Every structure is written in structure tokens, then in C-alpha cells.
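Student: Mind looking at a prediction? Sequence and model below.
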Amino acid sequence: MANNNVRVEVVGLKEANAALRKLPAFAQAEAQQVMDTTAFQVAAKATALAPARAATARHGIHLKDAIRWKRRKNGSVVGVDPRAFHWKFWEYGTSKMPAVPMFRPAADALRASHQQQMAEALTRANTKMAQQSLITRPPD
């Protein structure tokens with residue numbers, strides 16, 4: 001019988017991306033789904049936390065409208081429209097304005113959920129890999 005115990009270890013982004021690239025395609029798809037979902041949720045939460053009054057007069061872009069997520073190969077990214085350059089002043093503050101963070105609190109709020117969902121997705125992929133190896137392995 002296959003051992004389906006999965007050890008989950010939180011590593012750096014570089015190491016995690018390298019490990020994801022080594023997974024079979026169906027496991028990468030499971031992980032990608034979790035990353036897409038989390039990126040969407042972080043973008044939505046950051047948008048909700050963004051100050052309503054944060055707009056740039058030059059381009060008329062409100063910060064709430066500038067926060068987006070984008071799917072990438074082996075990952076997803078939450079970002080801000082480059083025309084809304086002022087986001088960093090709100091997120092980190094300035095010498096004359098206190099910070100009104102939106103990205104860090106959004107990511108922090110979803111971190112545990114993301115890790116749980118990723119562990120579940122990789123466990124499902126591990127089970128599928130174990131089942132495939134039992135099917136394709138010649139009998140002893």
C-alpha cells in the first residue's frame with residue numbers, strides 16, 4: 001500500500017516555485033487553482049481595505065479600481081495599475097501621512113487559509129500520483 005503521508009513545509013518563494021515546476025501537470029493545475037483563488041481573494045480584500053479617497057488627479061484612477069490580480073505560469077500576482085503610483089504612499093505612509101495598509105493585512109488574513117488549501121491540493125495530487133503508480137507498477 002502506498003504511503004499517503006504528506007509533509008508540508010513553508011519555504012521561500014524561490015524554493016517553492018522550483019518545487020512546483022517539478023510537479024506533474026495535474027499537480028501543477030491543483031496548485032495553480034489554489035494560487036488563483038488566493039490572489040483573487042487578496043485583491044478583493046485589499047480593494048475593500050483601500051481608502052475611498054485615494055485617487056490621483058492626473059489620471060483620475062482610484063486606488064480601489066487599480067488593484068488587480070493576474071495569473072502567471074506557476075503562480076498568480078496581485079498588483080496595482082502603474083498609473084496609480086501613489087499606492088505605496090498609502091500602504092507604507094510618508095513623513096507627513098500615516099500608513100493605511102491594505103496589501104499586508106489582506107495577505108496576512110488569508111495566509112493560513114492559503115496554506116491549508118495548498119496542503120489539501122498537494123495531498124490530492126499525491127493521492128492521485130500514488131494511485132497512478134499502483135496502476136502502472138508491475139505486480140511483485
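Tutor: Cool, got the structure. Numbering: from 1, shown residues only.

Student: can I assume Gln33 is in contact with Ala121?
Tutor: Yes: taking contacts as CB atoms under 8 Å, Gln33 lies within contact range of Ala121: 6.9 Å. In this view, the C-beta of every residue, glycine as well, is placed from N, C-alpha and C.

Student: Who has more neighbours out of the two?
Tutor: Higher neighbour count among Gln33 and Ala121: Ala121, with 19 against 14, using other CB atoms under 10 Å.

Student: Surely that one is within a helix?
Tutor: Yes: counting by DSSP: H, G, I helix; E, B strand; the rest coil, Ala121 is found in a helix.

Student: pLDDT weak spots in this structure?
Tutor: 1-11, 54-60, 134-140 (pLDDT under 70).

Student: ok, which stretches of it are helices?
Tutor: Per DSSP state H, the chain carries helices over the ranges 13-21, 25-49, 63-66, 87-92, 103-136.

Student: what about the ones you listed, which gets the closest to Val77?
Tutor: helix 25-49 (6.7 Å; CB to CB).
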